[in-house]
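Participant: Pasting the sequence and the predicted model now:
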Amino acid sequence: MSLLIKDTTKEERERIVAESVGNIEGGCDGCAPGILEMYQPYIDGKMELRECNMKFRASYVSGEEAPTRKSCVM
């Protein structure tokens, strides 16, 4: 089954996201709405699923400034 926007309806995309995320109604920690918001452009047909995931990863901050370089001991 294709997950591309051109091959799915809005209702199918909503179902795909809901099934992938899991039981969003039972989320007690409050994070489920944020996760669903991340996929709204896919559901609306504006951005492919892959693009939503890439955008999320690109904005992830690890907390480290940058990798540190070790000097060569030779």
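Facilitator: Nice, thanks for sending it over.
Participant: what's the neighbour count on residue 53?
Facilitator: Residue 53: 14 surrounding residues under other Cβ atoms under 10 Å. The C-beta positions use only the backbone N, C-alpha and C, and glycine is treated the same way.
Participant: mind listing the helices for this protein?
Facilitator: 10-21, 32-38, 40-43, 49-58 (DSSP state H).
Participant: I'd like those as CSV, with mean pLDDT and distance to residue 3 appended.
Facilitator: Output for the helices of the chain, formatted as CSV (pLDDT from 0 to 100; distance: least, Cβ to Cβ, whole Å):
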stretch, mean pLDDT, distance to residue 3
helix 10-21, 90, 6
helix 32-38, 73, 15
helix 40-43, 95, 9
helix 49-58, 84, 5
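Participant: just those: most buried one?
Facilitator: Greatest average neighbour count among those goes to helix 40-43 (a mean of 19), per mean count of other Cβ atoms under 10 Å.
Participant: got a list of contacts for it?
Facilitator: 5, 10, 13, 14, 17, 47, 48, 49, 51, 52 (Cβ atoms under 8 Å, 6 or more residues apart in numbering).
Participant: was I right about residue 39 contacting residue 15?
Facilitator: No - with contact defined as Cβ atoms under 8 Å, residue 39 does not reach residue 15; the gap is 11.9 Å.
Participant: circling back: Serialize the helices of the chain to a markdown table and add fields for distance to residue 1.
Facilitator: As requested, these are arranged in a markdown table below (distance: least, Cβ to Cβ, whole Å):
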| stretch | distance to residue 1 |
| --- | --- |
| helix 10-21 | 9 |
| helix 32-38 | 21 |
| helix 40-43 | 15 |
| helix 49-58 | 12 |
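Participant: who touches residue 51 in this structure?
Facilitator: Per Cβ under 8 Å, 6+ apart, neighbours of residue 51: 41, 42.
Participant: And for residue 45?
Facilitator: Residue 45 touches 5, 10, 13, counting by Cβ under 8 Å, 6+ apart.
Participant: change it to 6 Å
Facilitator: By Cβ atoms under 6 Å, 6 or more residues apart in numbering, residue 45 lies in contact with residue 5.
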